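[1] Quick one: sequence plus predicted model below, questions after.
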Amino acid sequence: MFVGEALRSITANLSTTVAATMTVLVGMCLLGLFISLGSWVVSWTDHVKKELLVNVYFDSDVTKGQVDTLAAKIRQWPEVKQVVEISPAQAFTEERAKHPDLYKLITENPLPWALKVTPTRGEFVETIANRLDPPPPNVDTIRYGKKTTDRILKVGHIVEYTFLVAAAILLLASIILIANTIRLSIFSRRREVEVMKLVGATNWFVRGPFMLEGLVCGLIGSVIAVVLLLLGKELAIPALVSDSIRNATPDVHAWAFSLVAIILIAAGLVIGAVGSGITIRRFLRV
């Protein structure tokens, strides 16, 4: 009976149904675009965080055994992902490749032994640096670019929080829009609702068909939004972004489209049902 009533309401109020469906369609398209863009930006910030390192520079008279001892000690720390030992010869070769004009006049190697410490998370860079303060024996300098690190971490947190807040605002706005649209359909049937309440119908008995109607509108609108986003992904993105740009940072990527599609369809169903349920409440007070 609920399904029959919902279908009758959909066909009898076709213009309202179309308006509600289009509302969900627009909201889900915007939400899908934002999820894709937001997840890509969050992935990019994670990529930048992975490049944050703690550089440990030794004195010129340090021995290979002393370097190995400190490296083994740092590897045992839970915040550390990897420790790479850089010999003076290797450091000189790398720096000469980066700055050939500067190093072509240098005949002796002035560079000391060094360690490159990679944290398990970018946020642990300062923790590792603090654990090396004061510097251990035979260590000359500890560098991790405090200002740059703090700026990168701050931007990363702002991006993550902005993504969550904006997604919540989009969902709330979609619920309000579809609730106002479905209100028109319910308003035209308010007498019917009042009669059902007066003869003893429960709130959920009255609310059921309207929530099913909202679910149908939410499902149709979200499915169309997924199809449009899929067409944009397959046709628009390859035309706008070249393969070289997309392959430049292979570990930077948005969420999988299948996951985004599931989120949008689930959100469309929830928005349709919740929007209808919120709207019908004022008409149940008889």
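    Happy to help now that I have it. Numbering: from 1, shown residues only.
[2] Glu123 against Leu153, yeah?
    Yes - Glu123 is within contact range of Leu153, at 6.1 Å (criterion: Cβ atoms under 8 Å). All C-beta atoms are positioned from the backbone trio N, CA, C, and that covers glycine.
[3] Mutual contacts of those two, please.
    Common contacts of Glu123 and Leu153, defined by Cβ atoms under 8 Å, 6 or more residues apart in numbering, comprise Lys49.
[4] and those two? which has more neighbours close in?
    Leu153 (19 against 15; other Cβ atoms under 10 Å).
[5] Contacts only, for the more buried one.
    Counting by Cβ under 8 Å, 6+ apart, Leu153 makes contact with 49, 122-123.
[6] got these as TSV, with secondary structure and distance to Val199 columns?
    Putting those into TSV (DSSP: H, G, I helix; E, B strand; the rest coil; distance: Cβ to Cβ, whole Å) gives the following:
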residue	secondary structure	distance to Val199
Lys49	helix	63
Gly122	helix	64
Glu123	helix	62
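[7] Need the worst-confidence member of the residues you listed.
    Within these, the minimum per-residue pLDDT falls on Lys49 (75).
[8] The nearest residue to that one once chain neighbours are set aside: neighbour count?
    Setting aside the residues directly before and after it, Lys49 is nearest to Gly122 in space (Cβ to Cβ, 6 or more residues apart in numbering), at 2.9 Å. By other Cβ under 10 Å, 21 other residues sit near Gly122.
[9] Low-confidence regions, the stretch 101-250 of the chain specifically.
    Across the stretch 101-250 of the chain, the ranges flagged by pLDDT under 70 are 182, 185-186, 188-190, 201, 238-250.
[10] quick revisit: pick out whichever of the contacts of Leu153 sits closest to Thr141.
    Lowest distance from Thr141 to the contacts of Leu153 (Cβ to Cβ) belongs to Gly122, with 21.0 Å.
[11] Can you give the distance from stretch 253-260 to the centre of its chain?
    10 Å (Cα atoms, centre = their mean, to the nearest Å).
[12] er, stretch 252-270 I mean
    Taking Cα atoms, centre = their mean, one finds stretch 252-270 lying 11 Å from the centre of the chain it belongs to.
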